[in-house]
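Asker: just to be clear, the model below is a prediction. Sequence and coordinates:
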Amino acid sequence: MRASRPLSLVGGMSAVELSEAQLDALAMKIAARVAESLAGPYEPQSAPSSLQTAAQLAARLGVSVRYVREHADQLGAIRIGSGTKPRLRFPADAGAKLPDTVAAGSRPRPRRTAARNQPGSVLAIRGAA
């Protein structure tokens, strides 16, 4: 067993020599601090609020998915991936300020439904004029 072990320090500082007993004492102090910090209450990092897909947000807002994609930045989109078409996810509170963030009148009108299958509608018959 050697009486001392040299310790090199980074940043141009001079080396310090510690005896085996000093090195053991330092290791024990470091281990005690690590154990103390690990034994404390576990506090996981707060998970991000639940994220929604463009389709989920569109359904909640009553708009089309295309509209949500076109206004992704104004709705606070989070882009997942770095490709040409990254996945879009939106915070749970996205769209809460929709009238403030999107210019008035740019919200799409609801699609017209075909007159078929509605009372009183008449369907044209091909070839009959």
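Answerer: Nice, thanks for sending it over. Residues are numbered from 1 along each chain as shown.
Asker: measure how buried Leu88 is and give me the count.
Answerer: Leu88: 20 surrounding residues under other CB atoms under 10 Å. No exception for glycine: its C-beta is placed from N, CA and C like everyone else's.
Asker: and the longest helix belonging to the chain, which residues are buried?
Answerer: Identified as the longest helix of the chain according to DSSP state H is helix 20-39. For helix 20-39, burial by neighbour count (16 or more other CB atoms under 10 Å) applies to no residue.
Asker: so for that helix, mean pLDDT?
Answerer: Taken as a whole, helix 20-39 has a mean pLDDT of 86.
Asker: quick one: the helices in this protein, in order.
Answerer: 20-39, 54-61, 65-70, 98-101.
Asker: that older thread, what packs against the longest helix of the chain?
Answerer: Packed against helix 20-39 by the contact rule (3 or more CB pairs under 8 Å, 6 or more residues apart in numbering; DSSP states H and E) you find strand 4-7.
Asker: quick one: average pLDDT of the strand it packs on?
Answerer: Here the average pLDDT along strand 4-7 is 56.
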